[in-house]
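[1] could you work out the structure for the sequence below:
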Amino acid sequence: MPVVFTAVSDPTAESADFRAFENVTGSSDRLPVAQQLQLIRDFFDAKDHTGTVTVAIVYTLTEANSVSQVAQFEAAAAEYGVEIISRGINNATELSVAADALIGQGADCFNNLTDNTVVQNLSILLDRAGNIPVFGSEIEQVQNGCIASCSLDYVELGRQTGLMIADILEGADPDDIDYLYIEDGYTVDYNSEVMASCQFTLPAGEEYQNANDVKA
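    Just a heads-up that it's a prediction; the model follows:
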């Protein structure tokens, strides 16, 4: 029986490579790392922060997708004048301590991934961060209190995954269908209330949408 997965950030991660199985394909919600780092850089440039931006990431050690994403952010950071500091956790009870430790290391902001543990406990991270901005990875996180995000359109991801399923139902072999990565279809979202509380202004030159005006 064919299996089609969706919203797997890194389906080729060594500990989660679906190609080890037959009859499997699917789609990824891989984060737009370069665009997200540029977004963070633009927000701090608009605040006249000209030096390196220290970006903190809390992630779950047992989530292969999160480990892979942290490595991607670390690899690209220097190009955008960003330094990544990170702290791995085993479960939600360690989130507060990890956030406090990163703040103690001089975090200018947090960057949230699609990490299941952290997303499910986002309110804890936001509470510990206080007036330190937290950048999200999709619009719902921005609506829930992150300052901004280069957000994947999960509706479009689902639609394209559905087209993959239709091809299989019409006779295509899942093993012949490449994993789907959404290269376009991102929105740049911000939370106007959080921006005001953190004393940030909206950078120029980008098509932003206020997440507060978008229905959840």
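[2] all helices for this protein, in order.
    33-46, 64-76, 95-104, 116-120, 122-129, 139-143, 154-169, 192-198 (DSSP state H).
[3] so can I have CSV of the ones you listed showing distance to residue 209, mean pLDDT and mean neighbour count?
    No exception for glycine: its C-beta is placed from N, CA and C like everyone else's. Shown next, in CSV, are the helices of the chain (distance: least, Cβ to Cβ, whole Å; pLDDT from 0 to 100; neighbours: other Cβ atoms under 10 Å):
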stretch, distance to residue 209, mean pLDDT, mean neighbour count
helix 33-46, 13, 94, 20
helix 64-76, 24, 92, 19
helix 95-104, 28, 97, 17
helix 116-120, 21, 94, 17
helix 122-129, 20, 96, 18
helix 139-143, 8, 92, 23
helix 154-169, 15, 93, 14
helix 192-198, 11, 93, 15
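[4] would you mind putting these into a markdown table with distance to residue 21 alongside?
    Formatted as a markdown table, those follow (distance: least, Cβ to Cβ, whole Å):
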| stretch | distance to residue 21 |
| --- | --- |
| helix 33-46 | 27 |
| helix 64-76 | 15 |
| helix 95-104 | 33 |
| helix 116-120 | 22 |
| helix 122-129 | 32 |
| helix 139-143 | 30 |
| helix 154-169 | 15 |
| helix 192-198 | 42 |
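[5] of all the ones you listed, which one is nearest residue 184?
    Nearest to residue 184 among the helices of the chain is helix 154-169; the distance by Cβ to Cβ comes to 8.8 Å.
[6] who are the packing partners of the closest one?
    Judged by 3 or more Cβ pairs under 8 Å, 6 or more residues apart in numbering; DSSP states H and E, helix 154-169 is in contact with strand 3-5, strand 24-28, strand 180-181.
[7] most packed of the ones you listed?
    Across these, averaging neighbours per residue (mean count of other Cβ atoms under 10 Å) puts strand 24-28 on top, at a mean of 21.
[8] output the contacting helices and strands for that one.
    strand 3-5, helix 154-169, strand 180-181.
[9] sorry, back to before: so which of the helices of the chain gets nearest residue 206?
    Closest among the helices of the chain, using Cβ to Cβ: helix 33-46, at 6.9 Å.
[10] what lies in contact with that closest one?
    Contact with helix 33-46 is made by 53, 55, 69, 72-73, 76-77, 79-82, 108-109, 111, 133, 135, 137, 147-150, 186, 188, 200-206, as judged by Cβ atoms under 8 Å, 6 or more residues apart in numbering.
[11] check stretch 62-79 too.
    Under Cβ under 8 Å, 6+ apart, the answer for stretch 62-79 is 8-10, 13-16, 31, 33-34, 36-37, 55, 57, 59-61, 83-84, 86, 88, 90, 111, 113-117.
[12] tell me which of these fall in strands.
    Members of the contacts of stretch 62-79 lying in strands (criterion: DSSP state E): 55, 57, 59, 60, 83, 84, 86, 88, 111.
[13] relative to residue 24, how far out is the residue lying farthest from the centre of the chain?
    No residue in the chain sits farther from the centre than residue 171, which is 34.3 Å out by Cα atoms, centre = their mean. For residue 171, the distance to residue 24 equals 17 Å [Cβ to Cβ, to the nearest Å].
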